[in-house]
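Peer 1: Based on what follows, work out the 3D shape:
(one chain, ligands or ions: 1)
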Amino acid sequence: MYGDVAEILYSREQIDERVKELAAQITGVYQDRDLTVAVTLTGAFIFAADLVRHLPNSVRITFVRASSYRDAEEPQQVPQLDIPELGFDGRHVLIVEDIVDTGRTAVALIDAFRERGAASVRVCSFLDKTSRREVDVDVEFIGFTLTGSPFVVGYGLDRANRYRNLPFVGVLKPEVING
Ligand code: 5GP
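Peer 2: Okay, the predicted model is just below:
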């Protein structure tokens, strides 16, 4: 598995450091309020596990799934959401994503939690691929901003459901990507 990696973009140490900083930033905003953390499956599971352990707040955790499909009526991909009915009315919801790319998943989730009566909805993404954004979305907490639009794996992010367990974020060798 390690031999498939062409380059490491963020090391385990850099990630650990940044996750701690992010948690401090989040605590600064929410103070001692109770939080509902909505983790996007599957990519954000490792990031979320690390992040919540640095939060002193009382936290409820739920897992949400967003799968993109092409709607016959819509030229763009529309994420289809699967959100457990945990009860979000009056809650402060923090959406935790692995990566914000086009922004469509984040926008769909923000709308969904607002519709469910959340008192506030914010987004925390481990990575931000700003160059590929298609919709306007406010990502308040960002781990790292990628320059360019490399396809990255590791720390939860996959290619064909592999490489999620790499402890760092990297890019794969071209021969691996092209088969
Ligand atoms: P979007 O912001 O486009 O709605 O969706 C982001 C989703 O696209 C992420 O949750 C992830 O599943 C996928 N994605 C986007 N860029 C990458 C990447 O570089 N690597 C991996 N593994 N997934 C990506």
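Peer 1: C-alpha only now, for contacts and for neighbours.
Peer 2: Will do.
Peer 1: which residues of this protein fall in helices?
Peer 2: With DSSP state H applied, the chain shows helices at 12-30, 45-52, 104-115, 174-177, listed in chain order.
Peer 1: can you tell which of those is closest to the ligand?
Peer 2: Shortest distance between the ligand and the helices of the chain, using CA to the nearest ligand atom, is found for helix 104-115: 3.7 Å.
Peer 1: Distance from the chain centre to that closest one, please.
Peer 2: Centroid separation between helix 104-115 and its chain, computed with CA atoms, centre = their mean, to the nearest Å, is 13 Å.
Peer 1: which residues touch that helix?
Peer 2: The list of residues contacting helix 104-115 from outside it, by CA atoms under 8 Å, 6 or more residues apart in numbering, reads 66, 78-79, 81, 88, 93, 95, 97, 100, 120-123, 134-135, 137.
Peer 1: same thing but 7 Å
Peer 2: 66, 79, 88, 121, 135, 137 (CA atoms under 7 Å, 6 or more residues apart in numbering).
Peer 1: what do you get for stretch 3-23?
Peer 2: Among residues not part of stretch 3-23, those counted as contacts by CA under 7 Å, 6+ apart are 51, 54-55, 141, 143, 167-173, 176.
Peer 1: what's the answer for stretch 134-152, then?
Peer 2: In contact with stretch 134-152 (CA under 7 Å, 6+ apart) are residues 18-19, 22, 102-104, 107, 122-129, 131-132, 169-171.
Peer 1: which parts of this structure sit against the ligand?
Peer 2: 98-105, 150-153, 157-159 (CA under 6 Å from any ligand atom).
Peer 1: Figure out the length between the terminal residues of stretch 55-63.
Peer 2: Using CA to CA, to the nearest Å, the gap from the first to the last residue of stretch 55-63 comes to 18 Å.
Peer 1: pLDDT of that stretch, averaged?
Peer 2: For stretch 55-63, the per-residue pLDDT values average out at 97.
Peer 1: So which bits of that stretch are buried?
Peer 2: For stretch 55-63, a neighbour-count test (16 or more other CA atoms under 10 Å) marks 55, 57, 59, 62-63 as buried.
Peer 1: what's stretch 35-49 in contact with?
Peer 2: Counting by CA under 7 Å, 6+ apart, 57-65, 91-98, 126, 155-157 sit against stretch 35-49.
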